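Participant: Can you look at this prediction? I've put the sequence above it.
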Amino acid sequence: MNNTSTNGKVYLIGAGPGEAKLLTIKAAEAIAASDVLVYDYLVNPEVLAYSRRGAELVYVGKRAAAPSISQAEINHLLIERARQGQIVARLKGGDPFIFGRGGEEAEALVEAGIEWQVIPGISAGVAAAAYAGIPLTHRGYASSVAFITGHDSRKSRSDVDWHQAAHFADTLVIFMCAETIRDIARALIEGGRKSSTPIAIIRWGTYEDQQVFAGTLEDLADENEAHETLDIRPPAIAIVGEVVLLKDKLNWFKHQAFELGAHALLNR
Ligand SMILES: C[S@@+](CC[C@H](N)C(=O)[O-])C[C@H]1O[C@@H](n2cnc3c(N)ncnc32)[C@H](O)[C@@H]1O
């Protein structure tokens, strides 16, 4: 462990799920106090407007053609800038400690002896559901909720045991599942979740162009070739459980809605 003393500091900031106004006041203040902003793909660029004039903006998210910057390079960047005495705003989509590798970055800062703090953000797991009219818990439908990754970046497939996951909680919130959701739906049914269990898949949650695909696990698990027309690309989050039944009654945010299932898709 290197205890290099420095006047610099790193704020690990949750920039919220999308809609810029879902940024917390504490996050906006930290952004305004920073010399450099290091931000990811899923950070709404509108939140960068809170930065002070002359602050440096460093994008470290996905790049169209070029390879993305590695986690080790990002850690190095944060540490070096703080050692130079800079105040660094490290902006991540949603909450930094929910599937955001914020924990890994915090560990690197601790090991380098850098002053840091985390500012939690509203996770897409909570906000996309809310903007789709889905309360994750409800006395009549669900008393537990689990956040699960549908994808493990170190492997081509998630390392979650989906047969077990079928029973993790009444409501399952599945991140990073755009490519894997049909396999996951099949595994949840095999694991004992009813095939009629409602599911909603939310793309670009909280943004004006939010899309919500809804149906049952069976609709997704069905091998019917009509599903080949189902085109769900990231960022998408799936909500599985009876709470999804409330989405039409509680539908307060205007968005595009699609029904899952061969019949609905064929008629699109
Ligand atoms: C690397 S994880 C980061 C999660 C983030 N830390 C959070 O708390 O929301 C990225 C995944 O979050 C989900 N996600 C993030 N923003 C989203 C949004 N606006 N709508 C739907 N899903 C979103 C998607 O599953 C996406 O693949």
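Facilitator: Now that the structure is in, tell me what you want to look at. Numbering: from 1, shown residues only.

Participant: low-scoring stretches of the stretch 1-150 of the chain, by residue?
Facilitator: When residues are selected by pLDDT under 70, those of the stretch 1-150 of the chain lie in 1-6, 63-65.

Participant: For it, just list every one of the helices.
Facilitator: 25-32, 71-83, 102-112, 124-131 (DSSP state H, counting those that start in this stretch).

Participant: closest to the ligand out of these?
Facilitator: In terms of Cβ to the nearest ligand atom, the element of these nearest to the ligand is helix 124-131, at 3.3 Å. From N, CA and C alone the C-beta is placed, and that goes for glycine too.

Participant: For the helices of the stretch 1-150 of the chain, state which one has the densest average packing.
Facilitator: Mean neighbour counts were taken over the helices of the stretch 1-150 of the chain using mean count of other Cβ atoms under 10 Å, and the top value, a mean of 24, falls to helix 124-131.

Participant: quick check, it touching the ligand?
Facilitator: Yes. For helix 124-131, a contact with the ligand is found by Cβ under 6 Å from any ligand atom, at 124-125, 128.

Participant: list the contacts for whichever residue of the stretch 1-150 of the chain sits closest to the ligand?
Facilitator: Using Cβ to the nearest ligand atom, the single residue of the stretch 1-150 of the chain nearest to the ligand is Gly94, 2.0 Å away. Gly94 makes contacts with 14-17, 42, 100, 121-125, 127, as judged by Cβ atoms under 8 Å, 6 or more residues apart in numbering.

Participant: of all the residues you listed, which comes closest to Ile31?
Facilitator: Ala15 (8.6 Å; Cβ to Cβ).

Participant: Quick check: the gap between that closest one and Gly54.
Facilitator: Ala15 is 20 Å from Gly54, where distance means Cβ to Cβ, to the nearest Å.

Participant: Would you map out the domains in the chain?
Facilitator: Using automatic domain parsing, the domain parsing of the chain gives 9-122, 125-266.

Participant: what's the neighbour count on the nearest residue to Leu42 once chain neighbours are set aside?
Facilitator: Spatial nearest neighbour of Leu42, chain neighbours left out: Gly93 (3.0 Å); criterion: Cβ to Cβ, 6 or more residues apart in numbering. For Gly93, the neighbour count with other Cβ atoms under 10 Å is 24.

Participant: now do Asn251
Facilitator: 15.

Participant: Could I get the contacting residues of it?
Facilitator: With Cβ under 8 Å, 6+ apart, Asn251 has these contacts: 132-133.

Participant: Regarding it, which helix or strand does it belong to?
Facilitator: Using DSSP states H and E, Asn251 sits within no helix or strand.

Participant: And it, what's its pLDDT?
Facilitator: Listed pLDDT for Asn251 reads 95.

Participant: now swap in Asp231 and tell me
Facilitator: 72.

Participant: Are we agreed that it is in a strand?
Facilitator: No. Checked against DSSP: H, G, I helix; E, B strand; the rest coil, Asp231 lies outside a strand; its state is coil.

Participant: can you offset everything so residue one is 35?
Facilitator: With 35 as the first residue, the last one maps to Asp265.

Participant: Make a markdown table out of the helices of the stretch 35-184 of the chain and add distance to Leu280.
Facilitator: Listed next are the helices of the stretch 35-184 of the chain as a markdown table, based on distance: least, Cβ to Cβ, whole Å:
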| stretch | distance to Leu280 |
| --- | --- |
| helix 59-66 | 30 |
| helix 105-117 | 38 |
| helix 136-146 | 31 |
| helix 158-165 | 10 |
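
Participant: Contact residues of the stretch 35-184 of the chain facing the ligand?
Facilitator: So far as Cβ under 6 Å from any ligand atom goes, the stretch 35-184 of the chain lies against the ligand at 51-52, 76, 126-129, 132-134, 157-159, 162.

Participant: any idea what sits nearest the most centrally placed residue in the chain, other than its immediate chain neighbours?
Facilitator: By Cα atoms, centre = their mean, the chain has its centre lying nearest to Ala158, at 4.8 Å. The shortest distance from Ala158 to any non-neighbouring residue, by Cβ to Cβ, 6+ apart, is to Pro51 (4.0 Å).
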